[in-house]
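*Asks:* Give me coordinates for this.
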Amino acid sequence: METQRQIAVVLVRARNALNIGAVARAMSNFGFDDLRIVNDYEVPFTEARSAVDAAAVLQQARSYASVAEAVADCALVVGTTALGERRLLHPVDVLRDAAPHMQAASGRVALLFGSEKTGLSAEEMSHCHRLLTIPMRDGGISMNLGQAVAVCLYELARNAPAQRTLPPETQPATAAEAARFESLLREVLTASEYDRRFPGNVGDDALRRLVRRLSLAGDDVEIWLGMLRQMLWKLRQ
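*Replies:* Numbers count the residues shown, from 1 in each chain. Below is the predicted model of the structure:
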């Protein structure tokens, strides 16, 4: 199963509508669409859903009365924790090591995030098979819920094929294009009498090597030629 279709993001006792909206946007950005809310306090979810810029993810999110109900169809349940002083009774992975466990699961996977203030409770963690933590420096400030979800989903999605393709790399100038640039540059240097002051810099071999070190892009050659022609016209007036 494709990672993005396999994983359900479960928010447990999230109280801030803005955080819920940020989670939905992060899910949408990285291609996840299964958002589940566990909360006996309905207002944040209602407010988040009514937001003008609410993502489609948020519009189809489902609400549950308990963690047990939210993860009932999941074969692997992974909780998130900031570690702290709490005694943990589960295997704990840093995020980069947790991702392979989740991607290798044969069924649906639930990724649980606790409340903004207290995280997951011991009872909520009892539904988990494993825990994961985002490595941060000692003394680091706890991560915002939306940020934590975004970081986790990025790690899970980063090896998937990108839906947005990067622009094609620019092609280097051909030898013929570089030679045209070199020839016109030599004319400018001669017209400005640079070659009389620094003849060692404009010998055939020296100038050719200098131009090659510029590593000009083919698309840029015409722009440079236009600039040099303008300089040459001005020098010859």
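*Asks:* how much distance is there from whatever helix or strand residue 206 lives in to the middle of the chain?
*Replies:* Per DSSP states H and E, residue 206 falls inside helix 204-213. Put simply, helix 204-213 sits 40 Å off its chain's centre (Cα atoms, centre = their mean, to the nearest Å).
*Asks:* domains of this protein?
*Replies:* Per automatic domain parsing, the structural domains of the chain span 3-157, 175-235.
*Asks:* which residues does the nearest residue to residue 105 once chain neighbours are set aside bridge with?
*Replies:* Leaving aside its sequence neighbours, residue 105 sits nearest to residue 76 (Cβ to Cβ, 6 or more residues apart in numbering; 4.3 Å). C-beta here means a position set from N, CA and C on the backbone, and glycine is covered the same way. Residue 76 has the following beta-bridge partners by DSSP bridges: residue 109.
*Asks:* unless I'm mixing things up, residue 76 is touching residue 128, no?
*Replies:* No: contact criterion Cβ atoms under 8 Å: residue 76 and residue 128 do not qualify, at 9.1 Å.
*Asks:* These two - which one has more neighbours?
*Replies:* residue 128 (23 against 20; other Cβ atoms under 10 Å).
*Asks:* Could I get the contacting residues of the residue lying closest to that one once chain neighbours are set aside?
*Replies:* Leaving aside its sequence neighbours, residue 128 sits nearest to residue 79 (Cβ to Cβ, 6+ apart; 3.9 Å). Contact analysis of residue 79 by Cβ atoms under 8 Å, 6 or more residues apart in numbering lists 90, 112, 114, 120, 124-125, 127-128, 130-132.
*Asks:* I'd like to know which of those are part of strands.
*Replies:* Counting by DSSP state E, the part of the contacts of residue 79 found in strands is 112, 130-132.
*Asks:* could you dump those to CSV with pLDDT and distance to residue 21?
*Replies:* As requested, the ones in strands among the contacts of residue 79 are exported to CSV (pLDDT from 0 to 100; distance: Cβ to Cβ, whole Å):
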residue, pLDDT, distance to residue 21
112, 96, 19
130, 91, 28
131, 92, 26
132, 92, 23
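*Asks:* Next, give phi and psi for residue 38.
*Replies:* phi -110, psi 110 (degrees, to the nearest 10).
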